[in-house]
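A.B. asks: pasting a predicted model and its sequence here:
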Amino acid sequence: MIKRDRYLDRLWRSRGNGFPKVITGLRRCGKSYLLDHLFRDKLVQSGVHEDEILSIRLDDDKNAHLRNPLLLGSYVREKAVGKERLYVFLDEIQEVVPVPNPGFSGLVSPEAKGSLISFVDVVLGLSREENIDLYVTGSNSKFLSSDIVTEFRDKSTQIRVRPLSFEEYSAHSRLSHYEALYEYMRFGGMPRFADGSEEERKEYLAQLLKMTYARDIVERNNLRRESALFDLLTVLSDEAGMLVSPAKIAGAMRVSGRSESDEGLIARYVSFLEDSFLVEKAFRFEIRRKKRIGALWKCYFTDLGIRNAALSFSRFDEGRLLENLVYNELLYHGYSVSIGMLDTVGKDKAGRSVRETLEIDFRVEKGNRLFYVQVSADPFGEKARAREVRPFLRAKDSIPKIIVTSRPIPEMRDEYGFLWMSATDFLLKYIS
């Protein structure tokens with residue numbers, strides 16, 4: 001059994017708080033297992049009887065009739081009659097389909113406010129029942145559209161579940177931290193085949209990307225060209241960790257002869273990938289002016305195994321994979337992360353003054369804690385070392401500065417006072 005204690009503790013602290021617990025995240029990242037196994041077991045161990053827990057998987061055909069929100073609401077309320085407390089788990093709530101409000105006449109436009117009953121109405125309604133403690137999961141943009149987020153604002157406890165963190169993966173793997181790091185950079189943290197062979201994991205991740213994620217995005221958004229989506233995934237995988245925009249992605253696709261290079265369509269497709277929790281954007285932050293800048297951003301994959309599957313496991317770019325991993329882990333630990341940018345004046349080879357922009361991989365913030373991070377796969381090469389240190393020197397501030405490397409080096413400070421440490425120490429000790 002893989003422990004997901006961070007999420008389990010949040011669920012446990014939130015029980016009985018009067019709000020629906022809304023659990024979101026990438027498909028197959030362990031939401032259902034967290035709720036219907038780990039949390040259920042903890043409830044039972046605390047003295048809750050099995051008949052006080054109602055679990056409904058709405059993506060199961062035998063529950064198809066409950067995809068009608070009115071029938072679902074009635075069914076749950078009937079099960080709650082006579083019980084002091086009923087814990088209700090509604091898995092994949094986005095499968096519930098809006099239906100006409102029976103209280104409205106047929107003359108009312110379907111677009112009129114209140115003319116349709118949706119899963120939002122059911123979730124909010126059930127959560128107001130005094131003897132119902134409600135938990136729901138969802139996996140895509142249909143569940144987290146901007147309108148629905150507005151509906152749930154201040155009315156729910158929201159918990160974002162991610163694939164296994166490196167901490168969770170390392171504890172489960174029984175490998176040394178260093179070995180676990182390289183295995184994790186190759187196969188990521190999707191829980192199902194965390195113990196599988198190399199071939200099993202490659203096959204599973206490839207099928208997951210093609211048959212689950214891509215098909216879900218194509219069907220949900222009525223896309224006509226699935227090949228264009230896969231071309232975009234390939235380019236984003238190859239460009240992970242690089243500053244991009246729809247225009248730059250379109251240029252890369254044209255150069256490689258890919259099927260689609262329309263900037264507007266690319267922007268839409270990227271938003272579909274974001275809505276499905278496959279990728280996330282990290283935006284630039286101008287350090288001296290203390291504000292977000294420009295249209296360029298970096299795209300990171302929520303799971304490294306999925307990123308590698310999009311490239312058919314053909315490339316192992318250690319530096320970019322480590323950067324993606326560090327970004328994911330910082331988010332997992334609740335940090336706000338942006339790309340640090342510095343506009344400076346330097347000298348060219350002829351000694352003339354030139355303006356240049358330097359980049360710090362991550363500007364990291366949580367509460368009163370603020371620090372900069374550079375990620376380096378090669379801490380020993382002189383050129384690489386100079387490249388990582390240079391933006392820190394130009395920052396000229398007292399904010400802590402850390403260089404993280406995949407190599408198993410001991411923690412140490414250099415002549416500038418910058419902290420160098422191994423990725424495993426950074427991930428398992430420094431940010432935890």
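C.D. replies: The structure has been received and is ready for your questions. No experiment lies behind these values; they were computed from the predicted model shown.
A.B. asks: how about the strands in the stretch 1-150 of the chain?
C.D. replies: Remark: strands assigned in the stretch 1-150 of the chain by DSSP state E, counting those that start in this stretch are 21-24, 53-57, 86-91, 99-100, 116-117, 132-138.
A.B. asks: could you check the angle strand 86-91 makes with the longest one?
C.D. replies: Direction vectors for strand 132-138 and strand 86-91, defined by axes from the mean of the first three to the mean of the last three CA atoms, to 10 degrees, enclose an angle of 10 degrees.
A.B. asks: residues contacting strand 132-138, please?
C.D. replies: The contact list for strand 132-138 (CB atoms under 8 Å, 6 or more residues apart in numbering) reads 11, 15-16, 20-24, 31-32, 35, 39, 76-77, 80, 85-94, 123, 126-127, 144. C-beta here means a position set from N, CA and C on the backbone, and glycine is covered the same way.
A.B. asks: note down every partner strand of that strand and its orientation.
C.D. replies: For strand 132-138, the paired strands and their directions (DSSP bridges) read strand 21-24 (parallel), strand 86-91 (parallel).
A.B. asks: quick one: residues contacting the most centrally placed residue in the chain.
C.D. replies: With the centre of the chain defined as its mean C-alpha position, the nearest residue by CA atoms, centre = their mean is Thr302, 4.7 Å away. Contacts here follow CB under 8 Å, 6+ apart; on that basis Thr302 touches Leu26, Cys29, Arg162, Pro163, Phe277, Leu278, Val279, Glu280, Asn328.
A.B. asks: return the most buried member of the strands of the stretch 1-150 of the chain.
C.D. replies: Ranked by mean neighbour count under mean count of other CB atoms under 10 Å, these are led by strand 132-138, which reaches a mean of 25.
A.B. asks: circling back: between the strands of the stretch 1-150 of the chain, which one is closest to Leu342.
C.D. replies: Nearest to Leu342 among the strands of the stretch 1-150 of the chain is strand 21-24 (34.9 Å), distances taken as CB to CB.
A.B. asks: quick one: contacts of the closest one?
C.D. replies: Outside of strand 21-24, the residues within contact range by CB under 8 Å, 6+ apart are 11, 14, 31, 34-35, 123, 134-139, 143-144, 152, 156-161, 277.
A.B. asks: what ranges do the helices span in the stretch 1-150 of the chain?
C.D. replies: Remark: helices of the stretch 1-150 of the chain, listed N- to C-terminal, are 5-14, 31-33, 40-45, 69-80, 119-127, 146-152; assignment by DSSP state H, counting those that start in this stretch.
A.B. asks: could the strands paired with strand 132-138 go into JSON lines alongside distance to Ile431 and mean pLDDT?
C.D. replies: Compiled in JSON lines, the strands paired with strand 132-138 are given as follows (distance: least, CB to CB, whole Å; pLDDT from 0 to 100):
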{"stretch": "strand 21-24", "distance to Ile431": "23", "mean pLDDT": "90"}
{"stretch": "strand 86-91", "distance to Ile431": "31", "mean pLDDT": "97"}
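A.B. asks: among those strands, which comes closest to Tyr182?
C.D. replies: Nearest to Tyr182, of all the strands paired with strand 132-138, is strand 21-24, at 29.8 Å by CB to CB.
A.B. asks: so what's the gap between the closest one and the chain middle?
C.D. replies: Centroid separation for strand 21-24 versus its chain: 14 Å, with CA atoms, centre = their mean, to the nearest Å.
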